[in-house]
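*Asks:* Provided below are the primary sequence and the corresponding predicted coordinates.
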Amino acid sequence: MSDLKTNKFRSPRKLPDLTNLVIVPFFNLLRFITLGLGFGMIASLLVARKDLVQRLQKHWGWGVVGIGAVLFYFFYQVYTVRDGFLLFLVFLPIACGNSLGGFLTSRFLIWGGNISYNIYLLHGMVLNTVWRVFSEFYPLAKLAPLEIWSVTVVAFALVLML
């Protein structure tokens with residue numbers, strides 16, 4: 001009995017709490033997706049109103065996007081109702097057809113939109129190949145952060161060339 005009081009016996013190893021590891025993040029993600037769908041449905045109903053669309057296309061678009069972006073920057077927390085609403089504020093004028101003064105219809109952004117999926121598909125394969133080839137010549141553990149970023153920028157340039 002005295003051994004128990006002096007803590008000579010080690011307690012059995014505790015398993016990680018599945019509630020915090022799996023269940024809570026899953027329900028937070030589910031809540032965020034549900035809110036996103038809810039805000040998307042509200043946006044689709046608002047886009048159907050021609051008077052609101054005209055106002056957001058011409059007058060209020062920049063202001064709503066700017067206020068939403070600033071608030072999102074300062075008050076961002078993952079998976080909250082507030083963040084879903086702030087994203088809703090930012091994208092509602094864009095969904096109404098506001099090009100933000102022609103910014104969204106610039107040739108550079110259209111080009112970027114056209115190649116973004118290709119970059120998404122290729123970047124993993126190119127990064128993996130570049131790092132494997134690089135690791136054959138130089139041990140990766142000895143790389144400084146600037147060297148790591150330099151190799152990554154070279155890999156990004158390779159992706160753009162493909």
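*Replies:* That came in fine, so what should we check first?

*Asks:* what's the neighbour count on Val70?
*Replies:* 12 (other CB atoms under 10 Å). Backbone N, C-alpha and C define where each C-beta goes, glycine included.

*Asks:* what helices and strands are in contact with the host helix or strand of it?
*Replies:* Here Val70, judged by DSSP states H and E, is contained in helix 61-75. Here helix 61-75 touches helix 81-95, going by 3 or more CB pairs under 8 Å, 6 or more residues apart in numbering; DSSP states H and E.

*Asks:* dump the residue contacts of Phe75.
*Replies:* Arg82, Asp83, Leu86 (CB atoms under 8 Å, 6 or more residues apart in numbering).

*Asks:* do that again at 7 Å, thanks
*Replies:* Contact analysis of Phe75 by CB atoms under 7 Å, 6 or more residues apart in numbering lists Arg82.

*Asks:* and for the one 10 residues further on?
*Replies:* Residues touching Phe85, when contacts are defined by CB under 7 Å, 6+ apart, comprise Phe39.

*Asks:* roughly how far does it sit from Val153?
*Replies:* Phe85 is 37 Å from Val153, where distance means CB to CB, to the nearest Å.

*Asks:* got it, and Trp131?
*Replies:* From Trp131 to Val153 the distance is 13 Å (CB to CB).
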